[in-house]
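Participant: sequence? don't have it. structure:
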């Protein structure tokens, strides 16, 4: 009887250290056949194009149908001076259940705030006054900043070298897809993975 107890004691720390998924930044069924981790930078024009032009189809065809579980990962690139601030506001908004609303406005208004640096004003435009105060405070919280850093480190460990990158996971095997996407090719690839 002692052997299983020792085994559990040895395994529990490893299980506890496994990357936790922020459910406020994840969409779909966690038991879906595919898991898609989207490493993205709010100031990246290609990420904007993916968010506005391709993501609605991925959501419609895979996430909303139970075929894929989509998890957003923050990957602000150093060359984008406002990307980390935008990620902090987005992660803070996730804590109050407004991630998708804030992510949408950040991508829609990216040309403007990327130029003038008015990231908070952009975020505030879709939040109530009470939510603005919460998000502004949370954006400076060490746990929120740590979440962004964990996402960046995870991306570096996965050798993510561009945004956007979709890390598609099926049966423990990882398939990174970086850069601009052709949705028809992506759909064929995803359907092929699901059929295996």
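Facilitator: Arrived safely. Computed from a predicted model, the values in this text were never measured in an experiment. Numbering: from 1, shown residues only.

Participant: CA atoms for contacts and neighbours, from now on please.
Facilitator: Noted.

Participant: what sits closest to the residue nearest the centre of the chain if chain neighbours are left out?
Facilitator: For the chain, the residue nearest the mean C-alpha position is residue 72 (1.2 Å; C-alpha atoms, centre = their mean). Once flanking residues are discounted, residue 72 sits nearest to residue 38: 4.9 Å by C-alpha to C-alpha, 6 or more residues apart in numbering.

Participant: shouldn't the one you found be within a strand?
Facilitator: Yes - assigned with DSSP: H, G, I helix; E, B strand; the rest coil, residue 38 falls within a strand.

Participant: what's near enough to touch it?
Facilitator: 70-73, 164-167 (C-alpha atoms under 8 Å, 6 or more residues apart in numbering).

Participant: if it is in a bridge, with which residues?
Facilitator: residue 72, residue 166 (DSSP bridges).

Participant: surely the residue nearest to the centre of the chain touches residue 41?
Facilitator: No - using C-alpha atoms under 8 Å as the test, residue 72 is too far from residue 41 to be in contact (10.3 Å).

Participant: just the buried ones from the contacts of residue 38, in PyMOL syntax?
Facilitator: Per 16 or more other C-alpha atoms under 10 Å, the buried members of these correspond to this PyMOL selection:
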select buried, resi 70+71+72+73+164+165+166+167
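
Participant: between the contacts of residue 38, which is nearest residue 79?
Facilitator: Nearest to residue 79 among the contacts of residue 38 is residue 164, at 14.5 Å by C-alpha to C-alpha.

Participant: from residue 55, how far off is the closest one?
Facilitator: Plainly put, residue 164 is 11 Å away from residue 55 if you go by C-alpha to C-alpha, to the nearest Å.

Participant: repeat that for residue 185.
Facilitator: 14 Å.

Participant: what of residue 178?
Facilitator: From residue 178 over to residue 55 (counting by C-alpha to C-alpha), the distance is 14 Å.

Participant: residue 176 - that's part of a strand, no?
Facilitator: Yes - counting by three-state DSSP, residue 176 is located in a strand.

Participant: ok, now which ones touch the residue nearest to it when sequence neighbours are not counted?
Facilitator: Using C-alpha to C-alpha, 6+ apart and skipping the chain neighbours, the partner closest in space to residue 176 is residue 167 (4.4 Å). With contact set as C-alpha under 8 Å, 6+ apart, residue 167 has these partners: 36-39, 174-177.

Participant: of those, which is the nearest to residue 51?
Facilitator: Nearest to residue 51 among these, with distances taken as C-alpha to C-alpha, is residue 38, at 10.2 Å.

Participant: so residue 86 is in which element?
Facilitator: For residue 86, the host element (DSSP states H and E) is helix 83-94.

Participant: from the contact counts, what lies against that helix?
Facilitator: Helix 83-94 makes packing contacts with helix 99-108, helix 119-124, helix 129-138, helix 142-157 when contacts are defined by 3 or more C-alpha pairs under 8 Å, 6 or more residues apart in numbering; DSSP states H and E.
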